[in-house]
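> Predicted model and sequence follow; I will ask about them next.
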Amino acid sequence: MSEDPTVGLDADRKPIGFIDRPDQYRAASSGAAKNATSFLTLNALPELVNQNAALVRRGRFLSLCFIMGIGDDDWLIEVKDGKIASATSPPKLMSSSRFAIRAPAPAWKAHWEALPAPGYHDIFAMIKSGHMTITGDLHPLMANLRYVKEVLAAPRIKP
């Protein structure tokens, strides 16, 4: 096994976490892989979104920052003209954001499955089932709802 930084090793020196891409992962046997899940998935978010021309076109009038919470980790997602300019964690002190979308790491993992289970397939289903919260200014979220939903679903494993 190569010394790839995207692959962690457990106590028995067996690989855990992600293999090549965020959507190709193995079941983790330690808490370190849970943190690796959010780190690697959201580090890949700019590439996943920006290579999707239809999605960038859909969000071309949107420029803002929002917080995406995965468990205890908050990520500042910066959108400029429909492209993800950056995804940083933790956000810098006093970073400005319009809204925040937060859910536990297992809920995000379920949302990013190829065929999510009922209650995890959509952000509003996750809110209704109590797995997600949205706070802040809802106007830019609702005005660009399809774009935001597709950005949040971009790490989803392709069937």
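Right, received. Where do you want to start?

> Okay, and the residue most central in space within the chain sits in which element?
Centroid-nearest residue in the chain: Leu42, 4.9 Å away (criterion: C-alpha atoms, centre = their mean). Using DSSP states H and E, Leu42 maps to helix 31-43.

> Then Leu93?
Here Leu93 is assigned to no helix or strand, by DSSP H and E.

> Helices of this protein, start to end?
Counting by DSSP state H, one finds helices in the chain at the ranges 31-43, 45-50, 53-58, 105-111, 123-128, 138-143, 145-153.

> where does the closest residue in space to Glu113 that isn't next to it in sequence land on pLDDT?
Sequence neighbours aside, Ile157 is the residue nearest to Glu113 in space, at 6.1 Å (criterion: C-beta to C-beta, 6 or more residues apart in numbering). C-beta here means a position set from N, CA and C on the backbone, and glycine is covered the same way. At Ile157, the model reports a pLDDT of 80.

> circling back: ok, which of the helices of the chain comes nearest Pro90?
Closest of those to Pro90 is helix 31-43, at 11.3 Å (criterion: C-beta to C-beta).

> quick one: average confidence on that closest one?
The pLDDT scores in helix 31-43 average 54.

> so Gly71 touches Ser89, yeah?
No - with contact defined as C-beta atoms under 8 Å, Gly71 does not count as touching Ser89 (11.1 Å).

> Show the contacting residues for Leu138.
By C-beta atoms under 8 Å, 6 or more residues apart in numbering, Leu138 lies in contact with Phe99.

> who does Leu76 bridge with?
Beta bridges link Leu76 to Ile67, Thr88, judged by DSSP bridges.

> In CSV, list the helices of the chain along with distance to Lys83.
Below are the helices of the chain laid out as CSV (distance: least, C-beta to C-beta, whole Å):
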stretch, distance to Lys83
helix 31-43, 15
helix 45-50, 5
helix 53-58, 6
helix 105-111, 22
helix 123-128, 21
helix 138-143, 16
helix 145-153, 10
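
> To Asp81, which of the ones you listed lies closest?
helix 53-58 (8.0 Å).

> list the buried ones in that closest one?
55-56, 58 (16 or more other C-beta atoms under 10 Å).

> okay, these in a markdown table with distance to Leu138 and pLDDT next?
Formatted as a markdown table, the buried residues of helix 53-58 follow (distance: C-beta to C-beta, whole Å; pLDDT from 0 to 100):
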| residue | distance to Leu138 | pLDDT |
| --- | --- | --- |
| Leu55 | 21 | 96 |
| Val56 | 23 | 96 |
| Arg58 | 19 | 96 |
